[in-house]
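Got a predicted model here, sequence first, then my questions.
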Amino acid sequence: MSTMYEVLPGPEHFLPPAAASMGVRLPDPGQAHIHGKIVNEDEAMEVAARQFLSAKVPTIFPGPLVLWAWNEKAAKKATAIRHLYETIKESVTPSQQAMLIPMPDYRPKYPKINPEIEINPNHPNLTIWHNKIDACMFVGVHCHQANLSLKIIRGGTYCYTMAMCAQAGHEDAMVSFRDATADKIMRLADWVKKLKGSVAPPKD
Amino acid sequence: MSKERIKIAPEMFDIMPSEYQDLVDRATYGKEGRGWKDIGTSKELIEEHSLCAGCPESMAFRYILASLPAPEDTVMVGSTGCTSLVFPHVGVHNIHSLFGNQNAIASGLKRALSVRFPGQVKDVVVLAGDGATVDIGLDMTLQAWFRQEKFTTICFDNELYANTGGQESGLMQKGFVAKMAPVGKTFEKVKLPEIARESGCHYVVNCTVSKPNLVEKVIKNAIHVAREIGPTYLQLYTPCILEIGKNSMEGLQEMRDSEKPTERFAYKEYVSDEAKELLTELAAKEKERKAAAKKQLAEKQLAGKA
């Protein structure tokens, strides 16, 4: 029997362990991880696409690195993310509700955020709960804030988390890509299109 | 210019909360002659804050942020206190230092910015309470002035440690009894404006924030002098209405009462000869700019009629 720690949807309750401390390691270039297991990137693309297509509320959370057009690469990624969102929206059934909710910055907002229109890394669970989000992908969020969000979500919700990371990936996501580019995001959109109609929609 | 970077990716514009859209479309980054009169007609660089209702510090924050000459090229350094509750809601780069070491942080930051962006204007502004400036951080405050570091230090003087319950501070007035200082202050309020002058500050002002035009003037002067000549210091009275037993509506009157000629916040200003020369030069340029803008407007109106 394997004793490997698996990064699975929660709720894992307060203070879920950092997956890295449980032995989960980051993928090498060209790889990704699923629940902590290193796989090739295409395998993870398929799993991510299936998650989007089978979720009641598949959601993308773009962060400041792609929301703000601070360089050409960021602007291209924003275009790709919008394309991914539109593809998911077109590919799901009317009973599913695709969402694109920004994480504009990381400041602790007082008295509280409006969970309908934004997500904040200090209490991401509020947005997940409010919109009943069951699968999400973070993209363009700085490493520390993404880790914080992923752990809080795993601790307090049943949401399936994915990370499209521009650096080395996130152990605390259930699926994580690394070295994200606009092309890689477009490839994921292609996977969603390819699997459209072949994934069973969620049961009510 | 860095303000060119402050734009939202077009594909993401519609999903951004309105305060960010406003910040890009209606804020005054890069506006020549920006000032307190922009308040109410443009997006302010401060979002909802968590200060008490009627807190004079919130007024001060609004006037200061409206008056920064180049907010897109300014980094503010804060310290522990009520101000640190506001900084997360401010649309200007800012750093939270350890309690008291704000002027040391600002010294390193200013030097680093000069190396990283040679030939560009990068303003550093310290904004801290009286505990951080005069008690816990006095060493760092003074050493920065001795070294002639080119940044502005602003002290929000509320004459006690407010958000920890009202303990005695060096800037508290003699005889004052606070919740956590029941015996009453036994020595005089530290004369930091005078100490600043003797320590090498080129522009020093002691006043309240009751008059927004005055706050705008001293902020701009202090930042321009710091940019070109050397350290500057502003001591602004921002009374803590809770700790002195006032109501929300009484903050403004408290400041007005405290700035009378015989009171401790009567307007006091020191300007070095070098700074005087610079400010005269800047005032002349500003006059020219306003005259040119007026002429341009008149010509436009004339063309419109024709």
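Right, received. Where do you want to start?

Closest approach to chain B from chain A, which residue is it?
In chain A, the residue that lies nearest chain B is A:A78 (3.4 Å; C-beta to the nearest C-beta). Glycine gets a C-beta too; all of them are placed from N, C-alpha and C.

count of neighbours near A:M186?
Residues lying near A:M186 (other C-beta atoms under 10 Å in any protein chain shown) number 18.

same question, A:Y5
16.

Show the contacting residues for the residue of chain A closest to chain B.
A:A78 makes contacts with A:P62, A:V66, A:L67, A:A69, B:A9, B:P10, B:E11, B:M12, as judged by C-beta atoms under 8 Å, 6 or more residues apart in numbering or on different chains.

which residue sits closest to the residue nearest the centre of chain B, ignoring its sequence neighbours?
Nearest residue to the geometric centre of chain B (C-alpha atoms, centre = their mean): B:I64, 4.5 Å. Nearest non-adjacent residue to B:I64, counting by C-beta to C-beta, 6 or more residues apart in numbering or on different chains: B:I219, 5.6 Å away.

Could you double-check that that neighbour sits in contact with B:S67?
Yes. Between B:I219 and B:S67 a contact is recorded at 4.2 Å, counting by C-beta atoms under 8 Å.

okay, these two: which has more neighbours?
Between B:I219 and B:S67, counted using other C-beta under 10 Å, the more crowded position is B:I219 (27 against 22).

Near chain B, which residues of chain A? Just list them.
A:62, A:66-70, A:74-75, A:78-79, A:81-82, A:100-102, A:104, A:107-111, A:114, A:117-118 (C-beta under 8 Å from any C-beta of the partner chain).

Could you check how many residues crowd around the nearest residue to B:D157 once chain neighbours are set aside?
Ranked by C-beta to C-beta, 6+ apart and with sequence neighbours excluded, the top spatial neighbour of B:D157 is B:D130, at 4.7 Å. Counted with other C-beta under 10 Å, residues neighbouring B:D130 total 27.

what residues are up against A:L53?
Here A:L53 is in contact with A:I88, A:S91, A:V92, A:V192, A:L195, A:K196, A:V199, A:P201 (C-beta under 8 Å, 6+ apart).

Can you tell me the closest non-neighbouring residue to whatever residue of the stretch 151-300 of chain B ends up closest to chain A?
In the stretch 151-300 of chain B, the residue that lies nearest chain A is B:N163 (14.4 Å; C-beta to the nearest C-beta). What sits nearest to B:N163 in space, not counting adjacent residues and going by C-beta to C-beta, 6+ apart, is B:C82, at 5.0 Å.

so the one you found touches B:A162, yeah?
Yes. Assessed by C-beta under 8 Å, B:C82 is found in contact with B:A162 at 6.0 Å.

Same drill for the two, tell me which one is more crowded.
Neighbours per residue, other C-beta under 10 Å: of B:C82 and B:A162, the larger number sits with B:A162, 27 against 21.

So for the more buried one, what pLDDT did the model give?
Turning to B:A162, the model gives it a pLDDT of 91.

per-residue pLDDT, the closest residue to it other than its chain neighbours?
Leaving aside its chain neighbours, B:A162 sits nearest to B:C240 (3.9 Å; criterion: C-beta to C-beta, 6+ apart). The model reports B:C240 with a pLDDT of 95.

Tell me how many other residues crowd B:C240.
25.

tell me the contacts of it?
Contacts of B:C240 by C-beta under 8 Å, 6+ apart are B:C55, B:E57, B:C82, B:N158, B:E159, B:L160, B:A162, B:G166.

Next, give phi and psi for it.
phi -90, psi 100 (degrees, to the nearest 10).

quick one on the thing from earlier: in JSON lines, list the contacts of B:C240 along with secondary structure.
Shown next, in JSON lines, are the contacts of B:C240 (DSSP: H, G, I helix; E, B strand; the rest coil):
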{"residue": "B:C55", "secondary structure": "coil"}
{"residue": "B:E57", "secondary structure": "helix"}
{"residue": "B:C82", "secondary structure": "coil"}
{"residue": "B:N158", "secondary structure": "coil"}
{"residue": "B:E159", "secondary structure": "coil"}
{"residue": "B:L160", "secondary structure": "coil"}
{"residue": "B:A162", "secondary structure": "coil"}
{"residue": "B:G166", "secondary structure": "coil"}
